[in-house]
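Visitor: my questions concern the predicted model and sequence given below.
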Amino acid sequence: MRDLADMAIHTITTKPWKLDTALEKYAQAGITGVSVWKESLEGFTLPEARSLLETSGLKVVSLVRGGFFPASSLAQRMKKVEENKQLIDTATAIGAPLIVLVCGADPGIPLQEARKQIEEGIAQILPYAEDKHIKLAIEPLHPMYADARSAIVTIRQAHELCIKFDSKSLGIAVDVYHVWWDPDLEYQIEKAGESNSIFAFHVCDWKTPTLDMLNDRGLMGEGCIPIRTIRQWVQKAGFSGFNEVEIFSNRYWSMDQDQYLSMIVKAYEEHV
Ligand code: ZN
């Protein structure tokens, strides 16, 4: 059996489980890291969540997710900045060292303008994050989400922002689901590695056909993404953190989660 010392899981992956159950099950399965979705904190106070995380023995990899900066009015954009600052406080409270940023987009806002608003949003929260020693990882999303979720769609764009801000607290979350198609992927990973900008690595698979744009991700090995090859590129670029399993799937959420978790561990051992 493969060592799971570098395996983490996102709580959204087993969405039907509450935080306490999820942590207990992950630890029992030998998984060593967890990324906490803010939705899974509902029903717990922050000190309760922190204590559950600490006693689980799992290492907290990240808090997911902030960002969503673009909006049509200044008041809404300011509200989003405030929400991101609150999320930084939440990360501090539960002991998460990093926040994943899904940068946002709005079908009513041209992409160039959305990208400007993203840059302005990051500029407003980055000093706060630096102050609190919380890292921010820009996650480029697959271009099919450029209408409403992220105007940042490639590692190159994310890296350009990192270079512009030149902060040790700003980096990139590389998620194979979002970037596997990029013809420049190996090169962009190498460049991002040169500036130590790779902060996180997420895995799942791309199914053919994909039946739902959001909630039909595959288990590793179930689709066409060369996960192990991309992991090797990321490691060659100097990344030594967790391989984080992050799967949104109506199909898997509807099945027995204990059985699903064993399938996840097996898929991880065979394909990551
Ligand atoms: Zn991800």
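Guide: All right, it came through fine.

Visitor: these two touch, right, residue 261 and residue 24?
Guide: No. Judged on CB atoms under 8 Å, residue 261 makes no contact with residue 24 at a distance of 11.1 Å. Placement of C-beta: from N, CA and C, glycine included.

Visitor: residues near the residue in the stretch 51-200 of the chain positioned nearest to the ion, how many?
Guide: As assessed by CB to the ion, the ion sits closest to residue 175 within the stretch 51-200 of the chain, at 3.4 Å. When neighbours are counted by other CB atoms under 10 Å, residue 175 registers 21.

Visitor: who are the contact partners of it?
Guide: 139, 140, 141, 201, 202, 203, 204, 246 (CB atoms under 8 Å, 6 or more residues apart in numbering).

Visitor: residue 51: which of these is nearest?
Guide: residue 246 (24.5 Å; CB to CB).

Visitor: return the set of residues that bridge with the residue lying closest to residue 141 once chain neighbours are set aside.
Guide: Closest residue to residue 141 apart from its sequence neighbours, by CB to CB, 6 or more residues apart in numbering: residue 150 at 3.7 Å. Residues in a beta bridge with residue 150, per DSSP bridges, are residue 104.

Visitor: residue 201 versus residue 150, what's the distance?
Guide: For residue 150, the distance to residue 201 (CB to CB, to the nearest Å) stands at 18 Å.

Visitor: go on, residue 75?
Guide: 36 Å.

Visitor: these two: which is more packed in?
Guide: Between residue 75 and residue 201, counted using other CB under 10 Å, the more crowded position is residue 201 (25 against 9).

Visitor: okay, and that one sits in which element?
Guide: In the assignment (DSSP states H and E), residue 201 maps to strand 198-203.

Visitor: now do the buried residues in that strand.
Guide: 198, 199, 200, 201, 202, 203 (16 or more other CB atoms under 10 Å).

Visitor: show me the strands in this structure, by range?
Guide: Under the criterion DSSP state E, the chain carries strands at the ranges 7-10, 33-37, 59-67, 98-102, 135-138, 170-175, 198-203, 243-245.

Visitor: which of those strands sits closest to residue 50?
Guide: strand 59-67 (9.0 Å).

Visitor: if we can go back for a sec, the strand holding residue 201 pairs with which strands?
Guide: strand 170-175 (parallel), strand 243-245 (parallel).

Visitor: tell me the contacts of residue 143?
Guide: Counting by CB under 8 Å, 6+ apart, residue 143 touches residue 153.

Visitor: do I have it right that residue 139 meets residue 172?
Guide: Yes. Using CB under 8 Å, residue 139 is in contact with residue 172, at 7.4 Å.

Visitor: when these two are compared, which one has more neighbours?
Guide: residue 172 (30 against 26).

Visitor: hey, what's that one bridged with?
Guide: Under DSSP bridges, the beta-bridge partners of residue 172 are residue 138, residue 198.

Visitor: what about it, distance to residue 197?
Guide: Residue 172 is 5 Å from residue 197, where distance means CB to CB.

Visitor: give me the neighbour count for the closest residue to residue 109 other than its chain neighbours.
Guide: Nearest residue to residue 109, sequence neighbours excluded (CB to CB, 6+ apart): residue 70, at 5.3 Å. Using other CB under 10 Å, residue 70 is surrounded by 27 other residues.

Visitor: so which residues of the stretch 51-200 of the chain form helices?
Guide: Here the stretch 51-200 of the chain has its helices, by DSSP state H, counting those that start in this stretch, at 74-94, 111-131, 155-165, 176-179, 185-194.

Visitor: low pLDDT regions in the stretch 1-150 of the chain?
Guide: Low-confidence segments of the stretch 1-150 of the chain (pLDDT under 70): 1-2.

Visitor: residue 241 is nearest to which of the helices of the stretch 51-200 of the chain?
Guide: helix 185-194 (12.3 Å).
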